[in-house]
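1. Pasting a predicted model and its sequence here:
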Amino acid sequence: MGVIVGRSTPVVAALLKETRTIPVVFVVVVDPVGSGFTESLARPGGNVTGFQNYEFTMGGKWLELLQQVAPHVTRVAVIYNPTTVPYGFLRQLDATGPSLGLQPIHVPVRGAAEIDSAIATFAREPDGGMIVVPDIFNVANRVQIIESAAKHNVPAIYTNALHTRSNGLISYGPDTPDLFRRAASYVDRILKGEKPADLPVQQPTKYELIINLKTAKAFGLSIPQTRLTIADEIIE
């Protein structure tokens, strides 16, 4: 028997509709317990285990980062697709924002055609920024989101390196290639006889802070030296 490696929540959900016996190792899944893939993180209990890419508590870190690079911001758009977003991020942002003097405002979009109008509506009031939460929809439509944020002068924090390398302002999130490298060890262990049910779901151990200085200049923002010093990558 082989092993299937699945990337993303929709892919793993589709795989589990087909098999509950063939071992599956997932990568880039946010909430495996909430999605019904595993019984718990410590004891998955079925034919699935793998490598989670985000923890919901990261919501507070994204808000703090936005506040540091754009201190004028008081209103924070949280853009997401209601059918694909892990709702734990929304709850975390709602809970953390007020303690930082920030007002999270949900901006649901159900299709690419709604992105620009949704951001434009938010931007009609001043002092706005944006958090682009981990959502497969946001990754797939990253270019449109980034272009709209620039068009309407809404500085945004992204959670995936792909966004910053596509001219997004700043991203902070897990090192995705490292998760795939680590997943290879689970594939090897399963092929040698271990069961997914007995292999705990693993958390990220490496994170990336990527700053796009060209984009910061376009927004008229000055990135604090403390952030530039610890950045993993600076795009000029």
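-> Great, that's in hand. Residues are numbered from 1 along each chain as shown.

2. tell me the strands in this protein, going along the chain?
-> For the chain, strands defined by DSSP state E occupy the ranges 4-7, 24-29, 48-52, 75-80, 103-108, 128-132, 156-158, 170-174, 207-212, 233-235.

3. Give the other helices and strands that the longest helix seen in the chain contacts.
-> For the chain, the helix with the greatest residue count under DSSP state H is helix 176-191. Judged by 3 or more CB pairs under 8 Å, 6 or more residues apart in numbering; DSSP states H and E, the packing partners of helix 176-191 are strand 24-29, strand 48-52. C-beta: built from backbone N, CA, C; applies to glycine.

4. Which residues outside the first one are in contact with it?
-> Contact partners of strand 24-29, identified using CB atoms under 8 Å, 6 or more residues apart in numbering, comprise 3-9, 12, 15-16, 32, 35, 37, 47-53, 176, 179-180, 183, 186-187, 190, 196.

5. in its sheet, what does it sit against?
-> With DSSP bridges as the test, strand 24-29 is paired with strand 4-7 (parallel), strand 48-52 (parallel).

6. most packed of those?
-> Highest mean neighbour count among those (mean count of other CB atoms under 10 Å): strand 48-52, with a mean of 26.

7. what's the angle from that one to helix 176-191?
-> Angle between the axes of strand 48-52 and helix 176-191 is 160 degrees (criterion: axes from the mean of the first three to the mean of the last three CA atoms, to 10 degrees).

8. mind checking how far the residue nearest the centre of the chain is from Tyr172?
-> Nearest to the mean C-alpha position of the chain, by CA atoms, centre = their mean, lies Pro134 at 2.7 Å. As defined by CB to CB, to the nearest Å, Pro134 lies at a distance of 11 Å from Tyr172.

9. Also Asp94?
-> 19 Å.

10. Of these two, give the one with the bigger neighbour count.
-> Neighbours were counted for Asp94 and for Tyr172 using other CB atoms under 10 Å; Tyr172 has more, 23 against 15.

11. mind giving me the domain split of the chain?
-> Listed by automatic domain parsing, the domain ranges of the chain are 4-55+174-206, 58-173+208-235.

12. possible to save the ones you listed as a markdown table with mean pLDDT?
-> As requested, these are exported to a markdown table (pLDDT from 0 to 100):
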| stretch | mean pLDDT |
| --- | --- |
| domain 4-55+174-206 | 95 |
| domain 58-173+208-235 | 96 |
